[in-house]
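Asker: I need the structure of the sequence given here:
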Amino acid sequence: MSTEVLIVVGIVLVWAVIGGFSDAGTLSAAAIASRALTPRQAILTVGGFGFLGPLVGGTAVAATIGSFVDLSGLAPQDALRTLTAGLVAAIVWNAVTWRAGLPVSSTHGLVGGLVGATIAASGADDVRWGVAALAEGRIEGVTKVVIALVVSPILGLALGAVIHALAAGALRSAEVGWHRRLRRAQVPAVAALSFTHGLNEAQKSMGIIALALLAGGTTDSLDVPVWAVVLSAATIPAAALLGGWRIVRTLGFGIYRLRPLHGASAQLAAASVVAATSAWGGPVSTSQVSSSAIMGVGASERPKAVRWETGKAMLLAWVVTIPCTIALAAALTLLLRATGAIG
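Answerer: The predicted model follows:
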């Protein structure tokens, strides 16, 4: 394995950890805000079960992420530097939005970064847009990624509203002791959400590592080695330990006042959506799904009490992520071209 491949692998892991800052806070926000878990308990739960998810899951999401750009037309060195430009753009965007406390999609940033870098390095034809395949009834390439990213928060919003409405109706006459039971129920709910998050999120790192190995000539197929699975899984607890509190404030206290029933409903809804899309091979943003599930829970109970302005700010950040990272990655790639780093 060449030094440049190792450098790209290292950058992938940095991207995963920084992107995980937002996700770690997202996963634990509802449980902490509703006092079901302390911050320390939440971090341990998120980190532990997030690590287990990718170890026992498949690689359907990794295959999707690793195949929506084609770098085979570039020399190995140029292909690896193109990947580097795309990853650096995604990392910069993740860091800026995390600093602002906005739970944007690190996956959006990754997609935009890789698309922008590929277009600048070898042209738009080397991006597998998936439009022609869609006309033939197949969903693949960028189209599959975008569909998963757009549909999943809508499903999170709807499912959060439905689950909470059903649970609230069933427990309408329940005694006060149910609140304590619901708090305890959030522990397995957070564990399930963390597990499905790890299953989906770590596969994105696996996919890019597999693409780097292929582009660098280390392998001749888009396969994920065992060591890449373990390293990608390890980024989940690392991110949980290093960041997340800014996002906890935004989601746990900035959208709707969460109580145990709200938290359990939102977590169950988000875990269900992430698990279903992972099985399909669609990369999703846990931040988006969890945020929309919380909004759905609040909307089903007291729509006027939902802080929609917070939601609008997050939506704006989601909308601008792909264009901004495309532009940033393209600029970095063109800079590398101008300096002769990419031929």
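Asker: tally of neighbours for Ile43?
Answerer: Ile43 has 22 neighbours, counted by other C-beta atoms under 10 Å. (C-beta placed from N, C-alpha, C; glycine too.)
Asker: Now it. Nearest residue, chain neighbours left out?
Answerer: Ala240 (5.0 Å; C-beta to C-beta, 6 or more residues apart in numbering).
Asker: Quick one: residues contacting the one you found.
Answerer: 20, 24, 27-28, 43, 46-47, 50 (C-beta atoms under 8 Å, 6 or more residues apart in numbering).
Asker: chain center to the helix or strand that contains it: distance?
Answerer: In this structure, Ala240 is located in helix 226-242 according to DSSP states H and E. For helix 226-242, the distance from its own C-alpha centre to the chain's C-alpha centre is 14 Å (C-alpha atoms, centre = their mean, to the nearest Å).
Asker: And for stretch 100-110?
Answerer: Per C-alpha atoms, centre = their mean, the centroid offset for stretch 100-110 relative to its chain is 8 Å.
Asker: Any idea how far apart the tips of that stretch sit?
Answerer: 19 Å (C-alpha to C-alpha, to the nearest Å).
Asker: Let me know the closest of the contacts of Ala240 to Ala189.
Answerer: Closest to Ala189 out of the contacts of Ala240 is Leu27 (10.4 Å), distances taken as C-beta to C-beta.
Asker: my guess is that closest one meets Ser194, correct?
Answerer: Yes. Leu27 is in contact with Ser194 according to C-beta atoms under 8 Å; the separation is 5.4 Å.
Asker: coming back round to it: may I see the contacts of Ala240 organised as JSON lines, with secondary structure and distance to Ser300 added?
Answerer: Below are the contacts of Ala240 laid out as JSON lines (DSSP: H, G, I helix; E, B strand; the rest coil; distance: C-beta to C-beta, whole Å):
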{"residue": "Gly20", "secondary structure": "helix", "distance to Ser300": "29"}
{"residue": "Ala24", "secondary structure": "helix", "distance to Ser300": "26"}
{"residue": "Leu27", "secondary structure": "helix", "distance to Ser300": "21"}
{"residue": "Ser28", "secondary structure": "helix", "distance to Ser300": "22"}
{"residue": "Ile43", "secondary structure": "helix", "distance to Ser300": "29"}
{"residue": "Val46", "secondary structure": "helix", "distance to Ser300": "26"}
{"residue": "Gly47", "secondary structure": "helix", "distance to Ser300": "31"}
{"residue": "Gly50", "secondary structure": "helix", "distance to Ser300": "28"}
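Asker: May I ask which of those comes out lowest in pLDDT?
Answerer: Minimum pLDDT across those is recorded for Ala24, with 65.
Asker: Counting neighbours, which of the contacts of Ala240 comes out on top?
Answerer: Leu27 leads the contacts of Ala240 on contacts (other C-beta under 10 Å) with 36 neighbours.
Asker: Pull the helix holding Ala240 out as PDB, backbone CA atoms only.
Answerer: In PDB, the C-alpha atoms belonging to helix 226-242 read as follows (Å, rounded to 0.1, in the frame of the first residue of the first chain):
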ATOM      1  CA  VAL A 226     -11.700  -6.300   7.400                       C
ATOM      2  CA  TRP A 227      -9.200  -3.700   8.800                       C
ATOM      3  CA  ALA A 228     -11.200  -0.900   7.100                       C
ATOM      4  CA  VAL A 229     -14.400  -2.100   8.800                       C
ATOM      5  CA  VAL A 230     -12.800  -2.000  12.200                       C
ATOM      6  CA  LEU A 231     -11.200   1.400  11.700                       C
ATOM      7  CA  SER A 232     -14.400   2.800  10.400                       C
ATOM      8  CA  ALA A 233     -16.400   1.400  13.300                       C
ATOM      9  CA  ALA A 234     -13.900   2.900  15.700                       C
ATOM     10  CA  THR A 235     -14.600   6.400  14.500                       C
ATOM     11  CA  ILE A 236     -18.100   6.200  16.000                       C
ATOM     12  CA  PRO A 237     -17.000   6.100  19.700                       C
ATOM     13  CA  ALA A 238     -14.100   8.500  19.000                       C
ATOM     14  CA  ALA A 239     -16.600  11.100  17.700                       C
ATOM     15  CA  ALA A 240     -19.000  10.500  20.600                       C
ATOM     16  CA  LEU A 241     -16.100  11.100  23.100                       C
ATOM     17  CA  LEU A 242     -14.800  14.200  21.300                       C
END
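Asker: Show me the helices in this structure, by range?
Answerer: Taking DSSP state H, the helices of the chain run over residues 3-33, 39-56, 60-65, 76-99, 106-122, 131-135, 141-170, 177-215, 226-242, 245-248, 260-280, 286-301, 308-338.
Asker: relative orientation of the last one and helix 141-170 in degrees?
Answerer: Computed by axes from the mean of the first three to the mean of the last three C-alpha atoms, to 10 degrees, the angle separating helix 308-338 from helix 141-170 equals 160 degrees.
Asker: how about helix 308-338: buried residues?
Answerer: Neighbour-count burial for helix 308-338, with 16 or more other C-beta atoms under 10 Å as criterion, is recorded at 308, 310-311, 313-315, 317-318, 321-322, 324-326, 328-330, 332-334, 336-337.
Asker: just checking, what packs against that helix?
Answerer: Counting contacts by 3 or more C-beta pairs under 8 Å, 6 or more residues apart in numbering; DSSP states H and E, helix 308-338 packs against helix 76-99, helix 106-122, helix 286-301.
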